[in-house]
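Chemist: Show me the folded form of this:
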Amino acid sequence: MSMRVEDLGELAYGGLVAGLEQYDKTRLDKGEITDKDVFKKFGTYGYLVPGVIATGASAFGFMRRYETWLEHVQHGFIYDFPRWLTHTITTMTTEGNSSGASARRRAVAEAKQILSRNQIAGARETARTYQPEFESVAPNAF
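Modeler: Next comes the predicted model:
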């Protein structure tokens, strides 16, 4: 079995889905979206739109000219569907806004923000300068 040109469509589809999911993870870490915002994630649309189009076109006989390309995308969509569905259901049924590491990162970021807001007014820096001590010593003290 050798690699064919049609396999590039499958690789591009997998790369699109993986790249968009990684981008969504960075958005989760920044707090722009939560795990429950399934329809605000680009990875959802990157997975569903090409997969549903390819599966529908193959099932109903549309775009026969691109059947060899659509077949590869359709297989990737169908094989990954159980993982995507269980991940989506798990995300929607968890308590709170999100779960796991992203919640901890968000909590740490919020704690840092609270600490920076509640700094004591007029507090001096912790850096130590010895200039007053040097100036107060008599020149011939030693």
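Chemist: alpha carbons only for contacts and neighbour counts from here, please
Modeler: Noted.
Chemist: pLDDT at the residue nearest the centre of the chain, what is it?
Modeler: With distances taken as Cα atoms, centre = their mean, K25 lies nearest the centre of the chain, 1.0 Å away. pLDDT for K25: 90.
Chemist: next structured bit after the host helix or strand of it?
Modeler: Assignment of secondary structure by DSSP states H and E places K25 within helix 7-30. Next in sequence after helix 7-30, counting helices and strands by DSSP H and E, comes helix 42-60.
Chemist: Name the residues of that following helix that are buried.
Modeler: By 16 or more other Cα atoms under 10 Å, the buried positions in helix 42-60 come out as F42, G43, T44, G46, Y47, P50, G51, A54, T55, A57, S58.
Chemist: can I get those in CSV with pLDDT and distance to G31?
Modeler: Formatted as CSV, those follow (pLDDT from 0 to 100; distance: Cα to Cα, whole Å):
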residue, pLDDT, distance to G31
F42, 93, 15
G43, 90, 16
T44, 91, 18
G46, 92, 21
Y47, 93, 22
P50, 92, 27
G51, 91, 28
A54, 91, 33
T55, 91, 34
A57, 91, 37
S58, 88, 39
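Chemist: export these to a markdown table and tack on distance to R104?
Modeler: Shown next, in a markdown table, are the buried residues of helix 42-60 (distance: Cα to Cα, whole Å):
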| residue | distance to R104 |
| --- | --- |
| F42 | 23 |
| G43 | 22 |
| T44 | 24 |
| G46 | 27 |
| Y47 | 27 |
| P50 | 34 |
| G51 | 33 |
| A54 | 38 |
| T55 | 38 |
| A57 | 43 |
| S58 | 43 |
